[in-house]
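> sequence and predicted structure are below.
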Amino acid sequence: MKPVEPVITVDLFEPLLDRLLQLLRQLSPEEWQRPTACEGWSVKDIALHLLGDEVGKLSGGRDKDTSGRLKPGPDFVSQINAHNAIWVEATRRISTRLLCELLDSTGHEVVQYFKSLPLMELGGPVSWAGPEPAPIWFDVAREYTERWHHQQHIREALQRPGLTEATFLAPVLDTFVRALPYTYRAVEAPEHTVIHLQVTGEAGRSWFLMRDHAGWSLFTSTDFEPAVTITIDQQTTWRLLTRGLARDQALANATIQGDTALALPFFNAVSIIA
């Protein structure tokens, strides 16, 4: 039995930012206005949203300014959506040149902030993985997946190649699957029941979700025979877990061997705040 290990992403933010800026700085005015998978948002709007993420992280995290902090509650997602919409609407007057300059500045400041954090200490929860305090590295990895995911939206809108090589995508998948123990929290099964998730592709690998007396835990190897194996490609996986692909479409792209009923909750998993 080998439990999953921390996903350390601090050295990936700068290469990810560099790839984003290389792309944005060559866009035409028409390309900046291309519609994206984020309803109502253009390429520029997503870039503005990314800038908002950086400003928020530096203000609230590095500088401990709580004036813009949202209050947890049943309407938390609605609060976030409204907060993001107001920011994008208010910053559309920023020129694309200045936007790139600001992303360059704030992006590198955020990297230095993340590198200063005690990654192995406990911080706040990662909501889609459960309400308990999570290690700081997990929250930083979540921040990485947010930036990767939104850059994918931009690249797809522009019909440019996505950042799906293992260097960038493998940590995203490894972070996203941490939602599975929480996803399966209400699923009853005998102790040592194992669900094998096999993600194919350059960035893919295998994970094993096992039931014990306390609940479900995630491993990269196991001594027990899986009750079911879900085989699914990396593209379908990240799209499913970010609600970019319908459950039925993901099911059609996957192969299930064994207890189908035990596999089905996987297709309800969500690894973003939504």
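Received, thanks.
> please count neighbours and contacts with C-alpha atoms only from this point.
Fine.
> so for residue 76, what's the nearest residue that isn't a sequence neighbour?
With sequence-adjacent residues excluded and distances taken as C-alpha to C-alpha, 6 or more residues apart in numbering, residue 76 is closest to residue 70, at 7.6 Å.
> next SSE after the longest helix seen in the chain?
Assignment by DSSP state H gives helix 136-157 as the longest helix of the chain. Moving toward the C-terminus from helix 136-157, the next helix or strand (DSSP states H and E) is helix 166-176.
> hang on, the earlier thing: tell me the angle the longest helix of the chain makes with helix 166-176.
Angle of helix 136-157 versus helix 166-176, following axes from the mean of the first three to the mean of the last three C-alpha atoms, to 10 degrees, is 120 degrees.
> how far off centre is helix 136-157?
Offset of helix 136-157 from its chain centre (C-alpha atoms, centre = their mean, to the nearest Å): 5 Å.
> so what's the residue nearest to residue 76 up against?
Residues near residue 70 by C-alpha atoms under 8 Å, 6 or more residues apart in numbering: 76, 79-80.
> show me where the stretch 1-150 of the chain dips below the pLDDT cut-off.
By pLDDT under 70, the low-scoring segments of the stretch 1-150 of the chain are 73.
> can you give me the helices in it?
Ranges of helices in the stretch 1-150 of the chain, per DSSP state H, counting those that start in this stretch, are 13-24, 29-32, 43-56, 76-91, 96-115, 136-157.
> any chance of the ones you listed in CSV, plus distance to residue 191 and mean neighbour count?
Formatted as CSV, the helices of the stretch 1-150 of the chain follow (distance: least, C-alpha to C-alpha, whole Å; neighbours: other C-alpha atoms under 10 Å):
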stretch, distance to residue 191, mean neighbour count
helix 13-24, 39, 17
helix 29-32, 53, 14
helix 43-56, 41, 22
helix 76-91, 34, 14
helix 96-115, 38, 17
helix 136-157, 27, 21
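> for the ones you listed, give me JSON lines that also has distance to residue 273.
Formatted as JSON lines, the helices of the stretch 1-150 of the chain follow (distance: least, C-alpha to C-alpha, whole Å):
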{"stretch": "helix 13-24", "distance to residue 273": "20"}
{"stretch": "helix 29-32", "distance to residue 273": "26"}
{"stretch": "helix 43-56", "distance to residue 273": "14"}
{"stretch": "helix 76-91", "distance to residue 273": "7"}
{"stretch": "helix 96-115", "distance to residue 273": "20"}
{"stretch": "helix 136-157", "distance to residue 273": "10"}
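> so which of those gets nearest residue 263?
When the helices of the stretch 1-150 of the chain are compared by C-alpha to C-alpha, helix 136-157 sits nearest residue 263, at 24.4 Å.
> what's the closest one packed up against?
helix 13-24, helix 43-56, helix 166-176 (3 or more C-alpha pairs under 8 Å, 6 or more residues apart in numbering; DSSP states H and E).
> in JSON lines, list these along with distance to residue 153.
Shown next, in JSON lines, are those (distance: least, C-alpha to C-alpha, whole Å):
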{"stretch": "helix 13-24", "distance to residue 153": "11"}
{"stretch": "helix 43-56", "distance to residue 153": "8"}
{"stretch": "helix 166-176", "distance to residue 153": "14"}
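> so which of these is nearest residue 216?
Here helix 166-176 is closest among these (C-alpha to C-alpha), at 15.7 Å.
> put the alpha carbons of the closest one into CSV.
This file holds the C-alpha atoms of helix 166-176, laid out as CSV (Å, rounded to 0.1, in the frame of the first residue of the first chain):
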residue,chain,number,x,y,z
ALA,A,166,3.0,15.6,-18.6
THR,A,167,5.0,18.5,-17.1
PHE,A,168,1.9,20.7,-16.9
LEU,A,169,-1.0,18.3,-16.8
ALA,A,170,0.2,15.4,-14.6
PRO,A,171,0.2,17.7,-11.4
VAL,A,172,-3.3,18.9,-12.4
LEU,A,173,-4.7,15.4,-12.6
ASP,A,174,-2.9,14.4,-9.4
THR,A,175,-4.5,17.3,-7.6
PHE,A,176,-8.0,16.8,-9.1
